[in-house]
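Participant: kindly generate the corresponding structure for this input.
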Amino acid sequence: MASTDTTPQKDPAPGDAAADGSLRSDGPDARPASGGGHGDLAGLEAGLDALDSVQTGRTPLRQTLVQKVLPPTVAVLLVLFVWQILIWAKVTDEYKLPSPGAVWDELSDAWSQGTLLGYIWTSVSRGLLGFLLALLIGTPLGLLVARVKFVRAAIGPILSGLQSLPSVAWVPPAVIWLGLNDTMMYAVILLGAVPSIANGLVSGVDQVPPLFLRAGRTLGATGLRNTWHIIMPAALPGYLAGLKQGWAFSWRSLMAAEIIASSPDLGVGLGQLLENGRTVGSMPMVFLAILLILIVGIAIDLLIFSPLERWVLRNRGLLVKS
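Facilitator: Take a look at the predicted model:
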């Protein structure tokens, strides 16, 4: 006689999933198991969107002054105070270390004579034009070195060596080859800046994930289109670092050339102003030239490269926009 199983069966819980992926429920509102998964995924996406959300309200003026204006102002005032303390303490002779007041008087004289802006513009115009020329040469050179193995093996070590070579070493041969003119100045700038720009781009290209390149080829981006739409955007952080270093080398190379090579045809830039102060033994003029060189370098970084760097970081989600 067939046996009858009298073991009580446990009713399935409303939330238990069956083997076929459906949801067991005796109620009329039963839903498939996948419905809860989509709901969880939607909640996760909403949470991530909330984390990535950016407050676009305008930053209060007081907060901007406290965070961005006050710290450098305090630093400058502290340097001036320590400088004046050294003058009062007479740590050295006055002709070796002029007072801030003496440097200010030198600045006022240059302004009243109408020569101050001429000093600055002569150097800044040369530096920016030389940097743009270095950019036009260093960018394709860096792409060529990064993408062609034979060229990298042949030129890569030379670029690294040129980058480590002091820019002042190029001034004497440039004067002999080209003479005392603006062409000599630009040649020194190019020899100092091009290796830095090219090496920065090579470093950026080397850090591009191979998956990006394969995806670009799959979508039809080959040749120049691959370079413009895939490689350059992905290598932008390293390229920007190379540009910043290239500008630093351009400015240093120009100052070295202006200090060493002097001619009435070249005009008086900041480097020549520094050399003139040394020649006549005027330390206020020397300090004024040093301060102007420093201020121009900081201004170019704050006005050009810092905004570019923030834009790149913000577009990659690495900088919260306040």
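Participant: using PDB, write down the CA coordinates of the helix or strand encompassing Ile300.
Facilitator: Taking DSSP states H and E as the criterion, Ile300 maps to helix 283-300. C-alpha atoms of helix 283-300 as PDB (Å, rounded to 0.1, in the frame of the first residue of the first chain):
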ATOM      1  CA  MET A 283      71.400  97.000  -4.500                       C
ATOM      2  CA  PRO A 284      67.900  98.600  -4.400                       C
ATOM      3  CA  MET A 285      67.800  98.200  -8.200                       C
ATOM      4  CA  VAL A 286      69.000  94.600  -7.900                       C
ATOM      5  CA  PHE A 287      66.300  93.800  -5.400                       C
ATOM      6  CA  LEU A 288      63.700  95.600  -7.500                       C
ATOM      7  CA  ALA A 289      64.600  93.400 -10.500                       C
ATOM      8  CA  ILE A 290      64.500  90.300  -8.400                       C
ATOM      9  CA  LEU A 291      61.100  91.100  -7.000                       C
ATOM     10  CA  LEU A 292      59.700  92.000 -10.500                       C
ATOM     11  CA  ILE A 293      61.000  88.700 -11.900                       C
ATOM     12  CA  LEU A 294      59.300  86.800  -9.100                       C
ATOM     13  CA  ILE A 295      56.000  88.700  -9.400                       C
ATOM     14  CA  VAL A 296      55.800  88.200 -13.100                       C
ATOM     15  CA  GLY A 297      56.400  84.400 -12.700                       C
ATOM     16  CA  ILE A 298      53.700  84.200 -10.000                       C
ATOM     17  CA  ALA A 299      51.200  86.300 -12.000                       C
ATOM     18  CA  ILE A 300      51.600  84.100 -15.100                       C
END
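Participant: can you give me the buried ones in stretch 124-136?
Facilitator: Val124, Arg126, Gly127, Leu128, Gly130, Phe131, Leu133, Ala134, Leu135 (16 or more other CB atoms under 10 Å). To be clear about C-beta, it is placed using only N, CA and C from the backbone, and glycine gets the same treatment.
Participant: so who does the nearest residue to the last one once chain neighbours are set aside touch?
Facilitator: Across the structure, with CB to CB, 6 or more residues apart in numbering as the measure, the residue nearest Leu135 apart from its sequence neighbours is Ile197 (6.2 Å). Shown here is Ile197, whose contacts under the criterion CB atoms under 8 Å, 6 or more residues apart in numbering are Ala134, Leu135, Gly138, Thr139, Gly142, Gly242, Leu243, Gln245, Gly246.
Participant: thinking again about what came up before, so for the helix or strand that the helix holding Ile300 is followed by, mean pLDDT?
Facilitator: Proceeding N to C from helix 283-300, the next assigned helix or strand is helix 306-315, under DSSP H and E. Helix 306-315 carries an average pLDDT of 83.
Participant: same for helix 306-315, what does it pack against?
Facilitator: helix 236-260 (3 or more CB pairs under 8 Å, 6 or more residues apart in numbering; DSSP states H and E).
Participant: report all helices and strands that the next helix or strand after the helix it packs on contacts.
Facilitator: Per DSSP H and E, the first helix or strand lying C-terminal to helix 236-260 is helix 270-280. Packed against helix 270-280 by the contact rule (3+ CB pairs under 8 Å, 6+ apart) you find helix 116-147, helix 236-260, helix 283-300.
Participant: can you find the helix or strand in the chain with the smallest mean pLDDT?
Facilitator: For the chain, the helix or strand with the lowest mean confidence is helix 33-52, at a mean of 55 (criterion: mean pLDDT, DSSP states H and E).
Participant: pretty sure Tyr119 contacts Leu273?
Facilitator: Yes: between Tyr119 and Leu273 there is a contact under CB atoms under 8 Å: 5.3 Å.
Participant: so between these two, which is more surrounded?
Facilitator: Leu273 (27 against 21; other CB atoms under 10 Å).
Participant: how close does that one sit to Ala235?
Facilitator: 39 Å (CB to CB, to the nearest Å).
Participant: cool, Trp228 as well?
Facilitator: 12 Å.
Participant: when these two are compared, which one has more neighbours?
Facilitator: A count of neighbours by other CB under 10 Å puts Ala235 above the other of Trp228 and Ala235, at 25 against 11.
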